[in-house]
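Engineer: Build me a model:
(chains A and B)
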There are 2 protein chains.
Amino acid sequence: MNKAVVLLSGGLDSATAAAVAKADGYSLFALTLDYGQRHRMELESARRVAASLGVVRHVIMPVNLRLFGGSALTDDIDVPKDMTVDKIGARIPNTYVPARNTIFLSLALAFAETAGAGKIYIGVSGVDYSGYPDCRPEFIRAFETTANLATKAGIESSPLSAAFSIVAPLIHLSKKETIEWGLRLGVDYSLTLTCYDPSPQGLSCGRCESCRLRLSAFAAAGVPDPIPYAC
Amino acid sequence: MNKAVVLLSGGLDSATAAAVAKADGYSLFALTLDYGQRHRMELESARRVAASLGVVRHVIMPVNLRLFGGSALTDDIDVPKDMTVDKIGARIPNTYVPARNTIFLSLALAFAETAGAGKIYIGVSGVDYSGYPDCRPEFIRAFETTANLATKAGIESSPLSAAFSIVAPLIHLSKKETIEWGLRLGVDYSLTLTCYDPSPQGLSCGRCESCRLRLSAFAAAGVPDPIPYAC
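Structural biologist: Alright, predicted model coming up:
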């Protein structure tokens, strides 16, 4: 059975991407980064999602990006709460974490090479998203090229079949379409956490950009969002 | 004064690259990765080198690559000790750490973007080296492209002047030439540690590929190596 590494944050998109990887026939090696995120509670969601998908191995790796700061998610900066959905993504918000997906994919690449996995699944979307540069197709393609030049498996593979592919199955989907696909694959969205600023009790705020995109997508899909909200 | 991030391992090459960055007129932000390397003693060397160069900020960041293993440097695999210098680099040895420089450069990129630095110096050499794929010019160029697509600063900069440059000043130099350049810049090589398998007392083994390349280069330069060896 072929292996895939999946980047699993505990959110809606990564849970769906992992379910797609499983449906594609791969045995799953999940990687979750404990990067000092404000919404560290998502690590517990990642554990639950990994268990529900029967992953072979789940690595939760500390990488303290608070040492650099520079983001509302990793520094003492307020998460914005009053942006309407139509404005999200128009400019890069302060929840942007410098180089986050480059770091995550680099670590996933190390995991993939040591585990013997040729595919790395990442749940980025370039459609309903916050405008983060490292969610765009051109970034994913550039990283894939880099990955195959960076590694022993990459340079030892045939030019006709690259050792590593970065698979971003949701990149051209709206979040509504992502949810619809996930539901068909049996993803249990009650296990996921999307909020950037959940309450200590685990209630999602319903007001940050991430909650707003999620709520709007569930509404568009005509499906109730199964997680609890503070408002 | 413009800023540069320098990847500082504590070894000969990174100390030289950092001295070049300083000579190029940059204020230095040093990043050292505590990645579970067998030769963790190099972290102390990195501290000493950083202090000798007057860096503005030195971040030593834990990223436990032992969670993945797969290398003699991060796993319970013996470091090879009997390769002659002429054979080093002919094939990738088991001291290769999967995706190491991709991970290091990604973290340096995060540091650079938050610190407002446009240059990232890395002391890789594609000449006297162990054959690691992530020390080659094509990898460095691919990562630089990725870095500018991955980041807010990258996509907001003018197409004529990229936000981030990866500077690898030693990439086309022999290790002898690196040492000669470093000595002209006043690098104190007694502060550095190159060995993959130093004794608990800090003596370099003199037999691993890294020691052999270093000793051979000092001999070629006609300069005594100022660090102590076990043999």
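
Engineer: how about the longest strand along chain A against chain B, any contact?
Structural biologist: The residue-count maximum for a strand in chain A (DSSP state E) belongs to strand A:27-34. No - Strand A:27-34 is not in contact with chain B by CB under 8 Å from any CB of the partner chain; minimum separation 9.3 Å. C-beta: built from backbone N, CA, C; applies to glycine.

Engineer: Would you mark the buried spots in that strand?
Structural biologist: Buried residues in strand A:27-34, counting neighbours by 16 or more other CB atoms under 10 Å in any protein chain shown, are found at A:27-33.

Engineer: Okay, and A:G154 sits in which element?
Structural biologist: helix A:152-156 (DSSP states H and E).

Engineer: Mind listing residues that contact that helix?
Structural biologist: Contact with helix A:152-156 is made by A:113, A:147-149, A:162-164, B:92, B:96, B:98, B:133, as judged by CB atoms under 8 Å, 6 or more residues apart in numbering or on different chains.

Engineer: Closest one of the buried residues of strand A:27-34 to A:G202?
Structural biologist: Proximity to A:G202 was ranked across these by CB to CB; first place goes to A:T32, at 17.1 Å.

Engineer: so does the longest helix anywhere in chain A get close to chain B?
Structural biologist: Determined from DSSP state H, the single longest helix within chain A is helix A:100-115. Yes - under the criterion of CB under 8 Å from any CB, chain B is reached by helix A:100-115 at A:100-103, A:105-107, A:109-111, A:113-115.

Engineer: for that helix, packing partners?
Structural biologist: On a contact count with 3 or more CB pairs under 8 Å, 6 or more residues apart in numbering or on different chains; DSSP states H and E, helix A:100-115 meets strand A:3-7, strand A:27-34, strand A:57-62, strand A:119-121, helix A:137-150, helix B:100-115, helix B:137-150.

Engineer: let's go with 7 Å and repeat that
Structural biologist: strand A:3-7, strand A:27-34, strand A:119-121, helix A:137-150, helix B:100-115, helix B:137-150 (3 or more CB pairs under 7 Å, 6 or more residues apart in numbering or on different chains; DSSP states H and E).

Engineer: and chain A, which residues reach chain B?
Structural biologist: Residues of chain A lying near chain B by CB under 7 Å from any CB of the partner chain: A:59, A:61, A:63-65, A:67-70, A:92, A:96, A:98-99, A:101-103, A:106-107, A:109-111, A:113-114, A:133-134, A:138-139, A:142-143, A:145-146, A:149-152, A:154-155.

Engineer: right, and A:T95 touches A:S71 too?
Structural biologist: Yes - counting by CB atoms under 7 Å, A:T95 touches A:S71, with 6.4 Å between them.

Engineer: hey, what's in contact with both of the two?
Structural biologist: Residues touching both A:T95 and A:S71 (CB atoms under 7 Å, 6 or more residues apart in numbering or on different chains): none.

Engineer: okay, the two: which has more neighbours?
Structural biologist: Using other CB atoms under 10 Å in any protein chain shown, the more surrounded residue of A:T95 and A:S71 is A:S71, with 25 against 21.

Engineer: hang on, the earlier thing: which one of the contacts of helix A:152-156 sits closest to B:C231?
Structural biologist: The closest of those, once distances to B:C231 are taken by CB to CB, is B:Y96, at 24.7 Å.

Engineer: Isn't that closest one up against B:Y132?
Structural biologist: Yes - counting by CB under 7 Å, B:Y96 touches B:Y132, with 5.5 Å between them.

Engineer: what about A:A17, which helix or strand?
Structural biologist: Going by DSSP H and E, A:A17 is in helix A:12-23.

Engineer: quick one: contacts of that helix?
Structural biologist: Contacts for helix A:12-23 (CB under 7 Å, 6+ apart): A:4, A:6-8, A:28, A:30, A:49, A:53, A:121-123, A:125, A:169-170, A:178, A:181-182, A:185, A:187, A:189, A:192, A:194, A:214.

Engineer: returning to that earlier point: quick one: work out the angle between the longest strand of chain A and helix A:12-23.
Structural biologist: 160 degrees (axes from the mean of the first three to the mean of the last three CA atoms, to 10 degrees).

Engineer: Direction-wise, compare whatever helix or strand comes next after strand A:27-34 with strand A:3-7 and give the angle.
Structural biologist: Remark: after strand A:27-34, the chain's next helix or strand is helix A:42-53, criterion DSSP H and E. Here the directions of helix A:42-53 and strand A:3-7 differ by 150 degrees (the same axes, to 10 degrees).

Engineer: Quick check: buried residues in helix A:42-53?
Structural biologist: A:42-43, A:45-50, A:53.

Engineer: Switch these over to a markdown table; also include distance to B:V85 and pLDDT.
Structural biologist: Formatted as a markdown table, the buried residues of helix A:42-53 follow (distance: CB to CB, whole Å; pLDDT from 0 to 100):
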| residue | distance to B:V85 | pLDDT |
| --- | --- | --- |
| A:E42 | 50 | 95 |
| A:L43 | 47 | 97 |
| A:S45 | 52 | 97 |
| A:A46 | 47 | 98 |
| A:R47 | 49 | 98 |
| A:R48 | 53 | 98 |
| A:V49 | 50 | 98 |
| A:A50 | 46 | 98 |
| A:L53 | 49 | 98 |
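
Engineer: A:N94 in helix, strand or coil?
Structural biologist: Here A:N94 is recorded as coil under DSSP: H, G, I helix; E, B strand; the rest coil.

Engineer: surely it meets A:A72?
Structural biologist: Yes - A:N94 lies in contact with A:A72 (CB under 7 Å); the separation is 4.5 Å.

Engineer: higher neighbour count, these two?
Structural biologist: A direct count of neighbours by other CB under 10 Å for A:N94 and A:A72 places A:A72 higher, at 19 against 14.

Engineer: who's in contact with that one?
Structural biologist: A:78-79, A:94-95.

Engineer: if you set the cut-off to 10 Å instead, what comes out?
Structural biologist: Residues near A:A72 by CB atoms under 10 Å, 6 or more residues apart in numbering or on different chains: A:38, A:78-80, A:93-97, A:196-197, A:208.

Engineer: Just the buried ones from these?
Structural biologist: A:38, A:79-80, A:93, A:95-97, A:196-197, A:208.

Engineer: For the residue lying closest to A:P62 once chain neighbours are set aside, give its distance to chain B.
Structural biologist: Distances taken as CB to CB, 6 or more residues apart in numbering or on different chains put A:D34 closest to A:P62, at 4.6 Å, once the chain neighbours are dropped. Plainly put, A:D34 is 11 Å away from chain B if you go by CB to the nearest CB, to the nearest Å.

Engineer: right, and A:D34 touches A:E44 too?
Structural biologist: No - A:D34 is beyond contact range of A:E44, at 11.1 Å (criterion: CB atoms under 10 Å).

Engineer: Counting neighbours, which of the contacts of helix A:12-23 end up buried?
Structural biologist: Counted by 16+ other CB under 10 Å, the contacts of helix A:12-23 give A:4, A:6-8, A:28, A:30, A:49, A:53, A:121-123, A:125, A:169-170, A:178, A:181-182, A:187, A:189, A:192, A:194, A:214 as buried.

Engineer: Cool, thanks, signing off.
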